[in-house]
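Visitor: sequence first, then the predicted structure:
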Amino acid sequence: MKITATKISGTMTNLILSSMVLLMLSSCSKSSDPVPEPPQPAGSVPYYKLQRVENFAVETDDTDPTAAKNPTYFSLENKAIIEANFAKTARWDIGFNGLYNSFLSGNNGSDATNLGYGGPGTGAILIIEKAFDEITDIPAESLFKTKGTLIGTDNKGDFGEGTGWYLYDFGGTTVSNGVYDKQHVAYALGNGITLTNGTKVLPRTIVLRTAAGNYAKIKMISCYQNAFTPDTWFRTTPHMFFTFEYVLVPKGSTKFEIK
(Lines give C-alpha, C1' and ligand atoms only; values in the text may rest on other atoms or scores of the structure.)
Protein backbone atom coordinates (compact mmCIF):
# COMPACT_ATOMS: atom_id res chain seq x y z
CA MET A 1 0.00 0.00 0.00
CA LYS A 2 1.35 3.38 -1.03
CA ILE A 3 1.12 6.13 1.57
CA THR A 4 0.98 9.54 0.02
CA ALA A 5 2.14 12.86 1.44
CA THR A 6 -1.51 13.98 1.56
CA LYS A 7 -2.44 11.09 3.85
CA ILE A 8 0.53 11.83 6.10
CA SER A 9 -0.46 15.48 6.26
CA GLY A 10 -4.05 14.57 7.17
CA THR A 11 -2.89 12.19 9.87
CA MET A 12 -0.58 14.83 11.35
CA THR A 13 -3.40 17.37 11.33
CA ASN A 14 -5.69 14.97 13.19
CA LEU A 15 -2.99 14.31 15.79
CA ILE A 16 -2.39 18.03 16.33
CA LEU A 17 -6.13 18.73 16.68
CA SER A 18 -6.51 15.86 19.15
CA SER A 19 -3.62 17.18 21.24
CA MET A 20 -5.11 20.69 21.29
CA VAL A 21 -8.49 19.36 22.49
CA LEU A 22 -6.84 17.37 25.27
CA LEU A 23 -4.81 20.41 26.32
CA MET A 24 -7.92 22.60 26.42
CA LEU A 25 -9.84 20.03 28.46
CA SER A 26 -6.92 19.73 30.87
CA SER A 27 -6.72 23.52 31.26
CA CYS A 28 -10.46 23.83 31.92
CA SER A 29 -10.30 21.09 34.53
CA LYS A 30 -7.39 22.72 36.35
CA SER A 31 -8.99 26.17 36.36
CA SER A 32 -12.17 24.79 37.95
CA ASP A 33 -10.33 22.99 40.75
CA PRO A 34 -10.55 24.76 44.14
CA VAL A 35 -7.46 26.75 45.06
CA PRO A 36 -5.91 25.10 48.11
CA GLU A 37 -5.50 27.21 51.23
CA PRO A 38 -1.90 28.40 51.70
CA PRO A 39 -0.13 26.30 54.32
CA GLN A 40 -0.07 27.63 57.85
CA PRO A 41 3.23 29.37 58.56
CA ALA A 42 5.47 27.45 60.91
CA GLY A 43 5.62 28.97 64.38
CA SER A 44 8.32 31.61 64.56
CA VAL A 45 8.18 32.18 68.33
CA PRO A 46 10.76 30.04 70.12
CA TYR A 47 9.75 27.82 73.00
CA TYR A 48 10.81 28.66 76.57
CA LYS A 49 11.44 32.35 75.81
CA LEU A 50 9.47 35.16 77.47
CA GLN A 51 7.55 37.22 74.90
CA ARG A 52 5.96 40.65 75.35
CA VAL A 53 3.20 42.22 73.26
CA GLU A 54 2.45 45.92 73.77
CA ASN A 55 -0.56 47.98 72.70
CA PHE A 56 -2.32 45.27 70.70
CA ALA A 57 -5.42 47.18 69.54
CA VAL A 58 -8.95 45.80 69.12
CA GLU A 59 -12.14 47.42 67.86
CA THR A 60 -14.07 49.44 70.49
CA ASP A 61 -16.77 52.10 70.56
CA ASP A 62 -17.42 54.05 73.76
CA THR A 63 -20.61 55.54 72.30
CA ASP A 64 -22.17 52.07 71.97
CA PRO A 65 -20.10 49.77 74.19
CA THR A 66 -22.55 46.86 74.33
CA ALA A 67 -22.91 46.52 70.56
CA ALA A 68 -21.09 43.50 69.15
CA LYS A 69 -17.75 44.35 67.56
CA ASN A 70 -15.70 42.38 65.08
CA PRO A 71 -13.62 39.80 66.97
CA THR A 72 -9.85 40.06 66.83
CA TYR A 73 -7.52 37.10 66.37
CA PHE A 74 -3.91 36.74 67.51
CA SER A 75 -1.29 34.07 66.93
CA LEU A 76 0.91 33.36 69.94
CA GLU A 77 2.91 30.93 67.79
CA ASN A 78 3.87 33.74 65.37
CA LYS A 79 3.30 36.82 67.57
CA ALA A 80 1.04 38.37 64.95
CA ILE A 81 -2.48 39.62 64.29
CA ILE A 82 -4.45 37.22 62.09
CA GLU A 83 -7.02 38.45 59.56
CA ALA A 84 -10.65 37.55 60.18
CA ASN A 85 -10.89 35.50 56.97
CA PHE A 86 -8.61 32.94 58.66
CA ALA A 87 -10.97 32.50 61.64
CA LYS A 88 -11.77 28.91 60.63
CA THR A 89 -8.11 27.91 60.41
CA ALA A 90 -5.44 27.00 62.96
CA ARG A 91 -3.53 30.22 62.33
CA TRP A 92 -4.67 31.99 65.50
CA ASP A 93 -4.49 30.96 69.15
CA ILE A 94 -6.31 33.56 71.22
CA GLY A 95 -9.50 35.42 70.30
CA PHE A 96 -10.74 38.74 71.68
CA ASN A 97 -14.50 39.31 71.56
CA GLY A 98 -17.51 40.07 73.76
CA LEU A 99 -17.84 43.34 75.71
CA TYR A 100 -15.21 45.80 74.44
CA ASN A 101 -13.59 42.78 72.77
CA SER A 102 -12.13 42.12 76.21
CA PHE A 103 -13.14 38.46 76.63
CA LEU A 104 -10.58 35.81 75.76
CA SER A 105 -11.01 32.38 74.21
CA GLY A 106 -8.90 29.70 72.56
CA ASN A 107 -9.25 28.39 69.02
CA ASN A 108 -11.31 25.21 68.96
CA GLY A 109 -13.03 23.90 65.86
CA SER A 110 -15.33 21.43 67.62
CA ASP A 111 -17.22 23.84 69.92
CA ALA A 112 -20.16 25.60 68.29
CA THR A 113 -19.74 28.66 70.54
CA ASN A 114 -16.09 29.11 69.58
CA LEU A 115 -14.78 31.65 67.07
CA GLY A 116 -12.91 28.84 65.33
CA TYR A 117 -15.87 26.49 65.03
CA GLY A 118 -15.63 24.32 61.93
CA GLY A 119 -11.87 24.68 61.64
CA PRO A 120 -9.01 22.37 62.65
CA GLY A 121 -8.00 24.19 65.86
CA THR A 122 -7.63 22.08 69.01
CA GLY A 123 -7.15 24.98 71.41
CA ALA A 124 -8.66 25.67 74.83
CA ILE A 125 -8.19 28.07 77.73
CA LEU A 126 -8.41 28.45 81.50
CA ILE A 127 -7.55 30.99 84.20
CA ILE A 128 -5.74 30.32 87.48
CA GLU A 129 -5.64 32.52 90.59
CA LYS A 130 -1.86 32.50 90.84
CA ALA A 131 0.96 34.76 89.73
CA PHE A 132 2.56 34.10 86.34
CA ASP A 133 5.88 32.96 87.88
CA GLU A 134 4.08 30.55 90.20
CA ILE A 135 2.50 28.58 87.35
CA THR A 136 5.04 25.85 86.65
CA ASP A 137 2.90 22.78 85.87
CA ILE A 138 0.73 22.26 82.80
CA PRO A 139 -2.83 21.86 84.15
CA ALA A 140 -4.84 18.69 83.59
CA GLU A 141 -6.61 18.56 80.22
CA SER A 142 -10.00 18.30 81.97
CA LEU A 143 -9.61 21.86 83.30
CA PHE A 144 -9.35 23.52 79.88
CA LYS A 145 -12.47 25.09 78.36
CA THR A 146 -13.33 25.48 74.69
CA LYS A 147 -16.25 27.90 74.73
CA GLY A 148 -16.08 31.36 73.20
CA THR A 149 -16.44 34.70 75.09
CA LEU A 150 -15.06 32.93 78.13
CA ILE A 151 -12.63 34.90 80.31
CA GLY A 152 -13.19 38.61 80.93
CA THR A 153 -14.65 40.58 83.87
CA ASP A 154 -13.95 39.30 87.38
CA ASN A 155 -16.59 38.82 90.07
CA LYS A 156 -14.67 41.04 92.48
CA GLY A 157 -15.69 44.02 90.34
CA ASP A 158 -18.80 45.22 88.52
CA PHE A 159 -20.50 43.09 85.83
CA GLY A 160 -18.31 40.15 86.79
CA GLU A 161 -18.69 36.89 84.91
CA GLY A 162 -16.70 34.47 87.02
CA THR A 163 -12.98 34.47 87.59
CA GLY A 164 -11.68 37.03 85.12
CA TRP A 165 -8.45 38.57 83.96
CA TYR A 166 -9.62 42.10 84.78
CA LEU A 167 -11.76 43.88 87.36
CA TYR A 168 -14.16 46.57 86.14
CA ASP A 169 -14.69 49.48 88.56
CA PHE A 170 -17.89 51.18 87.37
CA GLY A 171 -18.18 53.87 90.05
CA GLY A 172 -14.50 54.18 90.84
CA THR A 173 -14.97 53.17 94.47
CA THR A 174 -14.01 49.49 94.34
CA VAL A 175 -10.34 50.20 93.76
CA SER A 176 -10.10 53.99 94.05
CA ASN A 177 -11.76 56.91 95.86
CA GLY A 178 -14.61 57.51 93.43
CA VAL A 179 -13.17 60.53 91.64
CA TYR A 180 -14.44 61.09 88.11
CA ASP A 181 -11.18 60.09 86.38
CA LYS A 182 -11.16 56.72 88.17
CA GLN A 183 -14.70 55.74 87.22
CA HIS A 184 -15.18 53.11 84.47
CA VAL A 185 -11.64 51.79 84.79
CA ALA A 186 -10.63 48.20 83.95
CA TYR A 187 -7.89 46.81 86.19
CA ALA A 188 -5.82 43.98 84.74
CA LEU A 189 -5.16 41.38 87.44
CA GLY A 190 -1.86 39.98 86.26
CA ASN A 191 -0.30 41.26 89.48
CA GLY A 192 -3.46 41.16 91.59
CA ILE A 193 -4.79 44.29 93.30
CA THR A 194 -5.89 45.59 96.69
CA LEU A 195 -9.42 46.96 96.96
CA THR A 196 -10.41 50.05 98.95
CA ASN A 197 -11.94 47.79 101.64
CA GLY A 198 -8.58 46.09 102.13
CA THR A 199 -9.42 42.90 100.27
CA LYS A 200 -6.47 41.53 98.32
CA VAL A 201 -7.43 40.12 94.91
CA LEU A 202 -5.02 37.36 93.90
CA PRO A 203 -3.07 37.58 90.62
CA ARG A 204 -4.58 35.88 87.59
CA THR A 205 -2.72 33.89 84.94
CA ILE A 206 -4.20 32.63 81.66
CA VAL A 207 -3.15 29.15 80.52
CA LEU A 208 -3.91 28.32 76.93
CA ARG A 209 -3.58 25.34 74.63
CA THR A 210 -2.79 26.71 71.18
CA ALA A 211 -4.63 25.72 68.02
CA ALA A 212 -1.73 23.37 67.23
CA GLY A 213 -1.73 21.76 70.69
CA ASN A 214 1.22 23.56 72.29
CA TYR A 215 0.86 25.39 75.61
CA ALA A 216 1.21 29.01 76.70
CA LYS A 217 0.87 30.84 79.98
CA ILE A 218 -0.10 34.49 79.71
CA LYS A 219 0.10 37.46 82.04
CA MET A 220 -2.37 40.19 81.12
CA ILE A 221 -0.78 43.50 82.09
CA SER A 222 -2.99 46.29 80.77
CA CYS A 223 -5.71 47.26 78.31
CA TYR A 224 -4.60 50.91 78.09
CA GLN A 225 -2.27 52.45 75.53
CA ASN A 226 1.26 52.95 76.85
CA ALA A 227 -0.01 52.62 80.44
CA PHE A 228 1.15 49.55 82.31
CA THR A 229 0.41 50.17 86.02
CA PRO A 230 -2.86 50.96 87.87
CA ASP A 231 -1.80 54.48 88.80
CA THR A 232 -1.72 55.35 85.06
CA TRP A 233 -5.19 53.98 84.22
CA PHE A 234 -8.02 56.52 83.92
CA ARG A 235 -11.37 56.61 82.12
CA THR A 236 -9.85 58.87 79.45
CA THR A 237 -6.74 56.73 78.84
CA PRO A 238 -6.95 55.31 75.28
CA HIS A 239 -8.28 51.72 75.27
CA MET A 240 -8.48 48.82 74.36
CA PHE A 241 -4.77 48.31 73.75
CA PHE A 242 -3.70 45.02 75.29
CA THR A 243 -0.27 44.49 76.74
CA PHE A 244 0.66 41.00 77.89
CA GLU A 245 3.57 38.63 78.36
CA TYR A 246 3.66 34.94 77.61
CA VAL A 247 5.83 31.88 77.15
CA LEU A 248 5.26 28.89 74.86
CA VAL A 249 6.19 25.27 75.53
CA PRO A 250 5.74 22.37 73.09
CA LYS A 251 2.95 19.83 72.93
CA GLY A 252 3.47 17.02 75.41
CA SER A 253 5.20 19.24 77.97
CA THR A 254 4.37 18.87 81.65
CA LYS A 255 6.16 22.02 82.86
CA PHE A 256 6.37 25.69 81.95
CA GLU A 257 9.99 26.83 81.79
CA ILE A 258 11.71 30.05 80.76
CA LYS A 259 15.27 29.47 79.62
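Guide: Everything's here; your move.
Visitor: quick one, strands of the stretch 101-250 of the chain?
Guide: Along the stretch 101-250 of the chain, counting by DSSP state E, counting those that start in this stretch, strands occupy 103-106, 124-128, 166-169, 185-188, 193-194, 200-201, 205-209, 215-224, 239-249.
Visitor: if I look at residue 188, how far off is residue 102?
Guide: Counting by CB to CB, to the nearest Å, the separation of residue 188 from residue 102 is 10 Å. For glycine as for every other residue, the C-beta is placed from the backbone atoms N, C-alpha and C.
Visitor: got any residues that touch both of these two?
Guide: Contact criterion CB atoms under 8 Å, 6 or more residues apart in numbering; residues bridging residue 188 and residue 102 by contacting each: 166, 223.
Visitor: so what's residue 65 up against?
Guide: So residue 65 contacts 99, 100 (CB under 8 Å, 6+ apart).
Visitor: correction: the previous question concerned residue 248.
Guide: 43, 45-49, 51, 76-77, 210, 214-216.
Visitor: which among those gets closest to residue 244?
Guide: Of all the contacts of residue 248, residue 244 sits closest to residue 51, with 8.9 Å by CB to CB.
Visitor: tell me what the nearest residue to the closest one once chain neighbours are set aside is bridged to.
Guide: Leaving aside its sequence neighbours, residue 51 sits nearest to residue 246 (CB to CB, 6 or more residues apart in numbering; 5.3 Å). Here residue 246 sits in beta bridges with residue 51, residue 218, going by DSSP bridges.
Visitor: residue 246 contacts residue 215, doesn't it?
Guide: No - using CB atoms under 8 Å, residue 246 is not in contact with residue 215, being 10.3 Å away.
Visitor: just the buried residues from the contacts of residue 248, in ChimeraX please.
Guide: Listed next is the ChimeraX selection for buried residues among the contacts of residue 248, using 16 or more other CB atoms under 10 Å:
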select :43,45,47,76,77,210,214,215,216
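Visitor: quick one: which of the contacts of residue 248 sit in helices?
Guide: Nothing among the contacts of residue 248 maps onto helices, per DSSP state H.
Visitor: now the contacts of residue 248 in a markdown table, with pLDDT and distance to residue 127?
Guide: Listed next are the contacts of residue 248 as a markdown table, based on pLDDT from 0 to 100; distance: CB to CB, whole Å:
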| residue | pLDDT | distance to residue 127 |
| --- | --- | --- |
| 43 | 84 | 23 |
| 45 | 97 | 22 |
| 46 | 97 | 25 |
| 47 | 98 | 22 |
| 48 | 98 | 22 |
| 49 | 98 | 23 |
| 51 | 98 | 19 |
| 76 | 98 | 16 |
| 77 | 98 | 20 |
| 210 | 98 | 16 |
| 214 | 98 | 18 |
| 215 | 98 | 14 |
| 216 | 98 | 13 |
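Visitor: would you format the contacts of residue 248 as a markdown table with distance to residue 151 included?
Guide: Putting these into a markdown table (distance: CB to CB, whole Å) gives the following:
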| residue | distance to residue 151 |
| --- | --- |
| 43 | 23 |
| 45 | 21 |
| 46 | 26 |
| 47 | 24 |
| 48 | 24 |
| 49 | 24 |
| 51 | 19 |
| 76 | 15 |
| 77 | 20 |
| 210 | 16 |
| 214 | 19 |
| 215 | 16 |
| 216 | 14 |
